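Participant: Got a sequence here, can you build the structure:
(chains A and B)
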Amino acid sequence: MKSLLPIILLSVFLFSCGEGIAPEPIKQTGFSGSVTFVGDWPLGVTRTHIVVFKDPLLTAGDFNAFNLKFVSVEIPYGSTVFNYNSADTAVVPIGEGEFSYVAVAQQKTLNVSLNRKDWFVVGVYYAGGDTTKPGKLTIPQNTLVRGININCDFNNPPIQPPGG
Amino acid sequence: MKLKIFFLLIIIYSAFTIAQQHNITGSVSDSSGNKLSNANVIIVEMDKGASTNEEGYFEIRNLQKGVFKLKISMVGYKTEVFDVEIAEQSVHVDVILEKEAVETEQVIITANKYEQDVSELPVSAAVISTEKLLRKNFTNLEDAMRYVPGVSMTSYQISIRGSSGYSRGAGTRVLLAYDGIPFYTGDTGEIIWESIPVTQLERVEVIKGASSSLYGSAAIGGVVNVVTKKVSDTPTTYFRSLVGIWDEPHYSEWKWADNLRLFNSLTLSHSRKIGDLGIAAAFSRIEDMSYKQSGFYHRYIGYLKAEYDFTESSSAILFFNSLNQKSGNFIYWKDSRNALIPPDQDQGQTVTTNRQMLGMIFKQIINRNFFINFRGSYYRSDWQDQTESANSAITHLIRGEVQFNNLLSDKIFLISGIESSLSSVTSDIFGNPTSFGFGTYVQSEFKFNFPLIATLGLRYDITKIDTLELESAISPKLGLNYKINEKFIMRSSLAFGFRAPTLAETFTSTTASGITIKPNPKLKPENNFTFEVGLLYKPFSELNLDVSVFQNEFYDFIEPGVDRTDGLIFFDNVVRARIQGAEVNLLTKLFDEKLIVSVSHTYLWSRDIEKKKSLKYRPRNFSLISADYLLRNLLIGTDFKFWSKVEEIDFDLIDLGLVPDGENRVAVYVLDLRASYNLVAAGLPLRINLNANNVLNYNYVELIGNLAPIRNFSLSLELFL
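Facilitator: Next up is the predicted model:
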């Protein structure tokens, strides 16, 4: 029995280690909706994304990677309607929280750039039909917020955030 | 405990000689009369020697008349040193080595650039025998480093006592040397572990602590020196075949492939002497389908070593090493539910690599107290990403070093040298920069009678990296080794180190996996100051206890970080860091030396002094337990590895959403089992090695978003002809 004790202790220790890292539960937190494009797509656009910023874009410096909390997959060039769900269309996924600026932005540079001047906003999410200011997006935990629809009128672009 | 009887029989008799050319020949065997192969035999004054062949026979040719100090060593046996006189004729020596109960008298060459016993060093060191590498079925030296006390690995990047965190593709703080020749890439300054042909190594030496006073930049955190096998006197052929399989992932969500995930390797080598020319050649093909999507690789390693004695006082060794590899490009997982596949945009990416190293060591013996070594190397590196960014780079790195070795008296050994390197890069990721380095060093070892060994060293380096300002550094060192009595040996060292930024750290400009890296042409070298005190305690022959405490102060530490003004990653001299710690190593042999148990624990308290938090990717505690039991020709063993949960990681990358679930990390518990059966005693020149690694199938990460190897099984056959 005495000689078995170290083996028993070792076995208890090893099996108490658990299995280590496990898959996270499926996340339901996010938002969905559709993006509608009106007019002819501009020439030379290399990428188009839905983007979400945590804090309002009051200065050019607010357009930075740390304030950027969601980036969708690329919206195909020439699309007229793009239905999305942040859970399965994210390059940068989003979590719960309150977000100040939801928009569709385009870029014409060859490589991805995070410089503000390289981006042009073609559509902004407005809450409750109020087009005087960007709408806030609030995502509670384990909730999919639906109906975050954005209209992009190439003939009537929205007010650009500072630094453009 | 039964005392071991020490035998040393030296039978000296005359042999036929050729005029003016005298040889020392002989045989080495153990106390049971078994001939010992691969024992090291050197003439201490001239650093000239040979290793014994399969019959335990050795020969050192072309010697003048005189009295020579002959040193015979082998892992597991007590080193013997004695004088041999060559008068008019050649000399034959038969030596019987006493089996060493505890492996303390291992020979090491890296610490002071000449052969010494580990117990005589002023710094902590470790030696890994090739025997162990092969029994564990390793095909890559990187895997073996995970089982060295005081060493931790984050993905493929090595950290000795916390010297490094993780910065992909941008340098190391540990110098890898190939028989003393620095072996790192000219662009990224990285160690390419997969280039090393593990079957061709005699041993691997690890020096823990700043070694810039001899090795210059990149040795700021220590040195790993791979010592290749000497060419065999008799024709020797070796064949190794290995097959393995990755088990199913623990969770069904992680299963991504329907077929079996296999890995395999084949190695064929031959070594022989033709007159004064000795040649060893090896070729390996290694394939791994990987447990991760895009983790696969196909690898070919070529190796050639030629030894030639021009005259009785001059000899040369020529190396050639090549690596050709095509691999997937797994950087981070998609998320924890898809832990074994990369993000959608990274799928299908591959990297093609071609690297060739040509090295030469030339030795000229001026007289029996003075000899010169020249080490030169050319390293070409060519890699291309088949990724969105389509990066590529071709690098040429040329190095040269002249080392003067002078035995001033029986008690003073002086070495000095000059070293220079030049690298040039043509790439679309770093631009086309060049770098130049020059260093000169001097070191003296004093052996006093008490017995105390004192080492004093100093090195001066200048570095010019393309458009950066010329930088210089002075790296002094003081080491003491004091044998208090037969049971206690105390050591202490104090050293300054430095590391110049690599071209990659300075000039990288690329985007990969959504991460954009920008250059920083204002980078400066980083510096450190390291101090260590150690005690080796041998209360009786079956027990060996080594304890050390150490402190490492870093200044202008180069670390990757995120520029919060633009969200881009860049390297900067940002951290004033301190690492304090202790390491305990215990080795014991039980049941008439049939059971060997080693236990080691390292405690690391690393911190960023300014931010008052731990440094990234440094576990605070890590332990290794290893046990081997010999049952006739069957050796069974186990290794258990523990690392505490890493406190600091790349939280910036997680905040940026680039590594979903990247914060998931745990303490590490890995258990390996192995068995080797040696059929040589049964008349077959064959050894079979069976390994089961991570048998608990424990899921952990060393680097965020990278699940470490899951449970796998492998079987190898080694044929010795």
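Participant: residues contacting the residue in the stretch 101-250 of chain B that chain A sits nearest to?
Facilitator: Relative to chain A, the nearest point of the stretch 101-250 of chain B is B:His250 (5.8 Å; CB to the nearest CB). Quick note: C-beta positions are derived from backbone N, CA and C, even for glycine. Each residue near B:His250 by CB atoms under 8 Å, 6 or more residues apart in numbering or on different chains is listed here: A:19, B:697, B:699, B:710.
Participant: tell me the centre residue of chain B?
Facilitator: B:Val224 (3.3 Å; CA atoms, centre = their mean).
Participant: Could you double-check that it lies in contact with B:Ser163?
Facilitator: No. Contact status for B:Val224 versus B:Ser163: not in contact, 11.8 Å apart, counting by CB atoms under 8 Å.
Participant: Report the set of residues contacting both of these two.
Facilitator: By CB under 8 Å, 6+ apart, the residues touching both B:Val224 and B:Ser163 are B:Val174.
Participant: quick one: low-confidence parts of the chain?
Facilitator: No chain specified, so I'll use chain A. Along chain A, the model assigns pLDDT under 70 to residues A:1-17, A:27, A:164.
Participant: meant chain B, my bad for not saying
Facilitator: Using pLDDT under 70, the flagged stretches of chain B are B:1-21, B:75-76, B:99-107, B:110-111, B:512-515, B:567.
Participant: Could you give the number of residues near A:Lys117?
Facilitator: 11 (other CB atoms under 10 Å in any protein chain shown).
Participant: ok, now B:Val243?
Facilitator: If we define neighbours as other CB under 10 Å, then B:Val243 has 15 of them.
Participant: That one: helix or strand, and which one exactly?
Facilitator: Assigned by DSSP states H and E, B:Val243 belongs to strand B:236-246.
Participant: what residue lies at the spatial centre of chain A?
Facilitator: Mean-position check on chain A, CA atoms, centre = their mean. Result A:Phe70 at 1.9 Å.
Participant: Tell me what that residue is bridged to.
Facilitator: For A:Phe70, the beta-bridge partners are A:Val52 (DSSP bridges).
Participant: swap in B:Gln580?
Facilitator: B:Gln551, B:Trp605.
Participant: cool, B:Phe640 as well?
Facilitator: B:Ile625, B:Leu671.
Participant: about what we covered before: show me which residues of the helix or strand just after the strand holding B:Val243 are buried.
Facilitator: As assigned by DSSP H and E, the chain's next helix or strand after strand B:236-246 is strand B:261-274. Judged by neighbour count using 16 or more other CB atoms under 10 Å in any protein chain shown, the buried positions of strand B:261-274 are B:261, B:263-265, B:267-273.
Participant: Let's have these in a markdown table, adding distance to B:Gly581.
Facilitator: Shown next, in a markdown table, are these (distance: CB to CB, whole Å):
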| residue | distance to B:Gly581 |
| --- | --- |
| B:Arg261 | 38 |
| B:Phe263 | 35 |
| B:Asn264 | 39 |
| B:Ser265 | 36 |
| B:Thr267 | 38 |
| B:Leu268 | 43 |
| B:Ser269 | 40 |
| B:His270 | 45 |
| B:Ser271 | 41 |
| B:Arg272 | 47 |
| B:Lys273 | 46 |
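Participant: Distance from the chain centre to stretch B:711-721, please.
Facilitator: 22 Å (CA atoms, centre = their mean, to the nearest Å).
Participant: what does stretch B:142-157 give?
Facilitator: Its chain's C-alpha centre and that of stretch B:142-157 lie 10 Å apart, by CA atoms, centre = their mean.
Participant: Report the buried residues of it.
Facilitator: In stretch B:142-157, counting by 16+ other CB under 10 Å, buried: B:142-154, B:156-157.
Participant: Tell me which two of those sit farthest apart.
Facilitator: Using CB to CB, the pair of those lying farthest apart is B:Pro149 and B:Tyr156, separated by 19.6 Å.
Participant: quick one: whichever residue of chain A sits closest to chain B from A:Lys54, how far?
Facilitator: Closest to chain B within chain A is A:Ala65: 2.2 Å, counting by CB to the nearest CB. Remark: distance between A:Ala65 and A:Lys54 (CB to CB, to the nearest Å) = 11 Å.
Participant: So if I had to pick from these two, which one is more boxed in?
Facilitator: A:Ala65 (23 against 16).
Participant: check contacts around the more buried one.
Facilitator: A:114, B:562, B:566-568, B:656.
Participant: so it, which of the three states?
Facilitator: What DSSP: H, G, I helix; E, B strand; the rest coil gives for A:Ala65 is coil.
Participant: Pick the one among the contacts of B:His250 closest to B:Ala280.
Facilitator: Among the contacts of B:His250, and counting by CB to CB, the member closest to B:Ala280 is B:Ile710, at 35.9 Å.
Participant: Quick one: residues contacting that closest one.
Facilitator: Residues in contact with B:Ile710 (CB under 8 Å, 6+ apart) are B:246-247, B:249-250, B:291, B:694, B:697, B:699.
Participant: nearest to B:Phe507, of those?
Facilitator: For the contacts of B:Ile710, the nearest to B:Phe507 is B:Tyr291 (34.7 Å; CB to CB).
Participant: Show me how the record splits chain B into domains.
Facilitator: B:13-100, B:124-720 (automatic domain parsing).
Participant: For A:Arg146, find the nearest of those domains.
Facilitator: domain B:124-720 (21.8 Å).
Participant: Endpoints of the closest one, how far apart?
Facilitator: From its first residue to its last, domain B:124-720 covers 34 Å (CA to CA, to the nearest Å).
Participant: residues from chain A in reach of chain B?
Facilitator: A:14, A:17-24, A:26, A:61, A:64-66, A:68-71, A:90-93, A:111-112, A:114-115 (CB under 8 Å from any CB of the partner chain).
Participant: How many residues are close by B:Leu176?
Facilitator: 25.
Participant: Equivalent analysis for the one 5 residues further on, please.
Facilitator: For B:Ile181, the neighbour count with other CB under 10 Å is 20.
Participant: Okay, and which of the residues of chain A next to chain B map to strands?
Facilitator: A:68-71, A:90-92 (DSSP state E).
Participant: which of those residues are buried?
Facilitator: Buried, going by 16+ other CB under 10 Å: A:68-71, A:90-92, out of these.
Participant: and of these, the nearest to B:Asn137?
Facilitator: Nearest to B:Asn137 among these, with distances taken as CB to CB, is A:Val91, at 40.0 Å.
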